[in-house]
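S.K.: sequence first, then the predicted structure, then my questions.
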Amino acid sequence: MARGSNKLVVPEAREALDRFKMETANEVGVNLKQGYNGDITAKEAGSIGGQMVKKMIESYQNSIK
């Protein structure tokens, strides 16, 4: 996959991924809205992404036990 590509392997997963992102943003205290969120800081965006990765890793680890 090309670096910086925003294509999902399973395109139907877009809605679930968006819900996951909104849920995670709420957990870390970042107010996201539907659509464009270019007004959030890099720190806020990073905290959302970092928390999403942490939750995905935890989910994987739990699934292999």
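M.R.: Ah, there it is.
S.K.: show me the shaky parts of this protein.
M.R.: Low-confidence segments of the chain (pLDDT under 70): 1-6.
S.K.: looking at it, which helix is longest?
M.R.: helix 42-63 (DSSP state H).
S.K.: centre of the chain to stretch 18-26, how far?
M.R.: Taking the mean of its C-alpha atoms, stretch 18-26 sits 6 Å from the chain's own mean (CA atoms, centre = their mean, to the nearest Å).
S.K.: buried ones in that stretch?
M.R.: 21, 24-25 (16 or more other CB atoms under 10 Å). (C-beta placed from N, C-alpha, C; glycine too.)
S.K.: which one of those residues is nearest residue 53?
M.R.: Of all the buried residues of stretch 18-26, residue 24 has the smallest distance to residue 53: 9.8 Å, by CB to CB.
S.K.: helix or strand for the closest one, which one?
M.R.: helix 14-27 (DSSP states H and E).
S.K.: okay, the angle between that helix and helix 42-63?
M.R.: Orientation check (axes from the mean of the first three to the mean of the last three CA atoms, to 10 degrees): helix 14-27 against helix 42-63 gives 110 degrees.
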